[in-house]
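Chemist: attaching a predicted model along with its sequence, questions to come.
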Amino acid sequence: MIRIADIYINYGTDLQEITYEIMKEANIASRLKPDMRIGIKPNLVLARSADEGATTHPEIVEGIILYLQDTGIDDITILEGSWVGDSTQRAFKNCGYTKLQEKYGVKLLDTKRDNVIAKASKGLSLNVCESAVSVDYLINVPVLKGHCQTGLTCCLKNLKGCIPDSEKRRFHSLGLHKPIAALSAILRPSLHIVDSVCGDLSFEEGGNPVVANRIMLGFDPILLDSYGAQLIGYNPDDIKHLRIAKEYGLGNYVSDDTIIKELNEHNRPIVNTKSNNISRRLSKYIEEDSACSACYASLIYALDKIGGVNNEKIKIGQGFKGKTLDGLGVGKCTSGCKYYVKGCPPKANDIIEAIKGYNSI
């Protein structure tokens, strides 16, 4: 198979459309057969609307369903188990997935009620839900967001919804990171489509969404997670389960050799600069003029981790194109600033290093 790209990125607010488009661009149909049993694993950690930054947007899953059905696939199951103490059935209903079942005839499977299979991996014996290992083609649809314990939750950690509640409790007693990495050696989804529309700043339950209006597609979860880590202000090695999984040989970190293909990069939506309380608080450090949401999101993630900037406000946005200015700018549009962070959009961890340097001047 010809290697076109390692990571595909699409931008926009019509999530169903950009999902279908990115799957078409990556030629996912060439990997499918009509008689396949397809599993779709979103993040429905709790019964909370996706616009709050915790759960997978149903419109993304709808785009996946439409693409699959247009390729002739009928056997499609959405499988998930919400976290301990919450109801998957309530999450299916409140998050819009019951409507998808009714509209498209797909199945909903609560992994809390599934049969369990014991699997050995990396010195651990793990109980895994049967549905997750029995499908022919598993599509992982995590949310890129912060997490209060692991720093990041994305492709690898999203698979935790494929184990029973008793095993979720045990994962915490084992320290989370090693069992998450070991689980990723058992469950190897064929495709990952990352919801990076408005993932939460630092908390898996949502409440402080950071709008980026972006989805990503790839086949190597470690590659996607390492790229996502940089987008929200971490170095990949900062995420312990990611580092362990790489040591297990389960994938590669993003690097200069990674081929990234962006769609609609010149039509990125303009940011909502007051999307949550933290963004409003951090906006006092920002001079914004027509910034796109993906670029602004990186700056918010960076400022939240570093705590602010000592000197004048950071410039960001298309309104600064072609202007020669003092101070620090973020993104390609501010290349006329005396100091600026390259990228379109830049990664939050690069912005953090630039702010540290700028604060020391």
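Modeler: Done, it's in. Just so it is clear, the structure is predicted and the values come from calculations on it, not from any experiment.
Chemist: so where does Leu126 fall, helix or strand?
Modeler: Following DSSP states H and E, the helix or strand that holds Leu126 is strand 124-129.
Chemist: got a list of what Glu287 touches?
Modeler: Glu312, Lys313, Ile314, Lys315, Ile316 (Cβ atoms under 8 Å, 6 or more residues apart in numbering). Heads up, the C-betas are built off the backbone N, CA and C, glycines and all.
Chemist: ranking these by neighbours, who comes first?
Modeler: Comparing those on neighbour count, Ile316 comes out first with 32 neighbours (neighbours: other Cβ atoms under 10 Å).
Chemist: any idea what it is bridged to?
Modeler: As for beta bridges, Ile316 partners with Glu288, Val330 under DSSP bridges.
Chemist: wait, it sits on Ile300?
Modeler: No: shown here, Ile316 and Ile300 do not form a contact pair, counting by Cβ atoms under 8 Å, at 10.2 Å.
Chemist: could you find the closest non-adjacent residue to the residue of the chain positioned farthest from its centre?
Modeler: Counting by Cα atoms, centre = their mean, the extreme residue of the chain relative to its mean C-alpha position is Thr324, 35.2 Å from that point. Counting by Cβ to Cβ, 6 or more residues apart in numbering, Thr324 lies nearest to Gly336, which is 4.6 Å off, once chain neighbours are set aside.
Chemist: how much space is there between that neighbour and Lys321?
Modeler: The gap separating Gly336 from Lys321 is 8 Å, by Cβ to Cβ, to the nearest Å.
Chemist: list the contacts for the residue nearest in space to the middle of the chain?
Modeler: Against the mean C-alpha coordinate of the chain, by Cα atoms, centre = their mean, the closest residue is Leu144 at 2.5 Å. Contacts here follow Cβ under 8 Å, 6+ apart; on that basis Leu144 touches Leu152, Thr153, Cys154, Val194, Asp195, Ser196, Gly199, Met216, Gly228, Leu231, Ile232.
Chemist: got the contacts of Glu287 as JSON lines, with pLDDT columns?
Modeler: As requested, these are exported to JSON lines (pLDDT from 0 to 100):
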{"residue": "Glu312", "pLDDT": "82"}
{"residue": "Lys313", "pLDDT": "92"}
{"residue": "Ile314", "pLDDT": "94"}
{"residue": "Lys315", "pLDDT": "95"}
{"residue": "Ile316", "pLDDT": "95"}
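Chemist: next, format these as TSV and append distance to Arg243.
Modeler: Shown next, in TSV, are these (distance: Cβ to Cβ, whole Å):
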residue	distance to Arg243
Glu312	37
Lys313	35
Ile314	30
Lys315	35
Ile316	31
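Chemist: closest one of those residues to Ser184?
Modeler: Nearest to Ser184 among the contacts of Glu287 is Ile316, at 35.3 Å by Cβ to Cβ.
Chemist: could you list the domains of this structure?
Modeler: Domain assignment for the chain by automatic domain parsing gives 7-266, 277-359.
Chemist: how long is stretch 194-213 end to end?
Modeler: From the first residue to the last, stretch 194-213 extends over 11 Å; the measure is Cα to Cα, to the nearest Å.
Chemist: distance from that stretch to the middle of the chain?
Modeler: Taking Cα atoms, centre = their mean, to the nearest Å, the mean C-alpha location of stretch 194-213 is offset from the chain mean by 9 Å.
Chemist: average model confidence for it?
Modeler: Along stretch 194-213, the predicted confidence averages to a pLDDT of 94.
Chemist: list the buried residues of that stretch.
Modeler: The neighbour-count criterion (16 or more other Cβ atoms under 10 Å) identifies 194-202, 204-206, 208-213 as the buried residues of stretch 194-213.
Chemist: same deal with stretch 81-98?
Modeler: Neighbour-count burial for stretch 81-98, with 16+ other Cβ under 10 Å as criterion, is recorded at 81-83, 86, 88-89, 91-92, 94-98.
Chemist: can you put the residues you listed in TSV and add secondary structure?
Modeler: As requested, these are arranged in TSV below (DSSP: H, G, I helix; E, B strand; the rest coil):
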residue	secondary structure
Gly81	coil
Ser82	coil
Trp83	coil
Asp86	coil
Thr88	helix
Gln89	helix
Ala91	helix
Phe92	helix
Asn94	helix
Cys95	coil
Gly96	coil
Tyr97	helix
Thr98	helix
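Chemist: one step back: worst average pLDDT in the domains of the chain?
Modeler: Considering the domains of the chain one by one, the lowest average pLDDT is found for domain 277-359, at a mean of 91.
Chemist: give me the distance between the two termini of that one.
Modeler: Counting by Cα to Cα, you get 24 Å between the two ends of domain 277-359.
Chemist: report the distance from it to the chain centre.
Modeler: 22 Å.
Chemist: check stretch 138-152 too.
Modeler: Using Cα atoms, centre = their mean, we find the averaged C-alpha position of stretch 138-152 to lie 6 Å away from the chain's own average C-alpha position.
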